[in-house]
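In: Could you work out the structure for the sequence below:
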Amino acid sequence: MNDCIFCKIINKEIPSVTIYEDDIIIGFLDISQTTKGHTLIIPKKHYENIYEIDEDTLAYIYKKVPKIACALKTAFKAKGMNVVNNNGELAGQTVFHFHVHLIPRYNEKDGFRAIYTNHMDKYSKEDLEKIAVQIRENFN
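Out: Modelled structure (predicted):
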């Protein structure tokens, strides 16, 4: 992709600070540094999102996530780690090249918040069963 900033990083057309690289993936520091050590892991082949990436590449990325996450945790004494993947603009994806964020966590005021709303009172067991049927009917 000619206009993809991550492809340009892979091709060394623009600088980045790489912390891990092999033939399939590259891990580099996010320039935003939401928290110290915030790292992005991307495949070297361009895939826009989770809907396009092949299973083998995705499995390989997630095989390396623990190794990189442990290095971040050890280096900075992180107390936790958010592993985040956004798909589509509505989900917060801003660069349309598949990537996984590793965001080390240090305390409640470290700059990152994941907020989930609990709606369990809105769904009965029957509602959940209907949702499950709809999903199962769409497996390829």
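In: remind me, longest helix of this structure?
Out: Assignment by DSSP state H gives helix 55-76 as the longest helix of the chain.
In: Could I get the average pLDDT for that helix?
Out: Confidence over helix 55-76 (mean pLDDT, whole number) is 98.
In: Name the next helix or strand downstream of it, please.
Out: Per DSSP states H and E, the first helix or strand lying C-terminal to helix 55-76 is strand 80-84.
In: buried sites along the helix or strand harbouring residue 27?
Out: Residue 27 belongs to strand 25-29 when assigned by DSSP H and E. In terms of neighbour count (16 or more other CB atoms under 10 Å), strand 25-29 has its buried residues at 25-28. From N, CA and C alone the C-beta is placed, and that goes for glycine too.
In: Leaving out the residues flanking it, which one is nearest to the spatially most central residue of the chain?
Out: The centre of the chain sits closest to residue 100, judged by CA atoms, centre = their mean, with a distance of 2.1 Å. Distance criterion CB to CB, 6 or more residues apart in numbering; nearest residue to residue 100, sequence neighbours excluded, is residue 41 at 4.6 Å.
In: Am I right that that neighbour sits in a strand?
Out: Yes. Applying DSSP: H, G, I helix; E, B strand; the rest coil, one finds residue 41 inside a strand.
In: hang on, it packs against residue 69?
Out: No. Residue 41 is beyond contact range of residue 69, at 9.5 Å (criterion: CB atoms under 8 Å).
In: Quick check: neighbours shared by these two?
Out: residue 102 (CB atoms under 8 Å, 6 or more residues apart in numbering).
In: shouldn't residue 96 be in contact with residue 51?
Out: No. Counting by CB under 8 Å, no contact exists between residue 96 and residue 51, whose distance comes to 11.3 Å.
In: Look at the two and report which has more neighbours.
Out: Between residue 96 and residue 51, counting by other CB atoms under 10 Å, residue 96 is the more crowded of the two (19 against 9).
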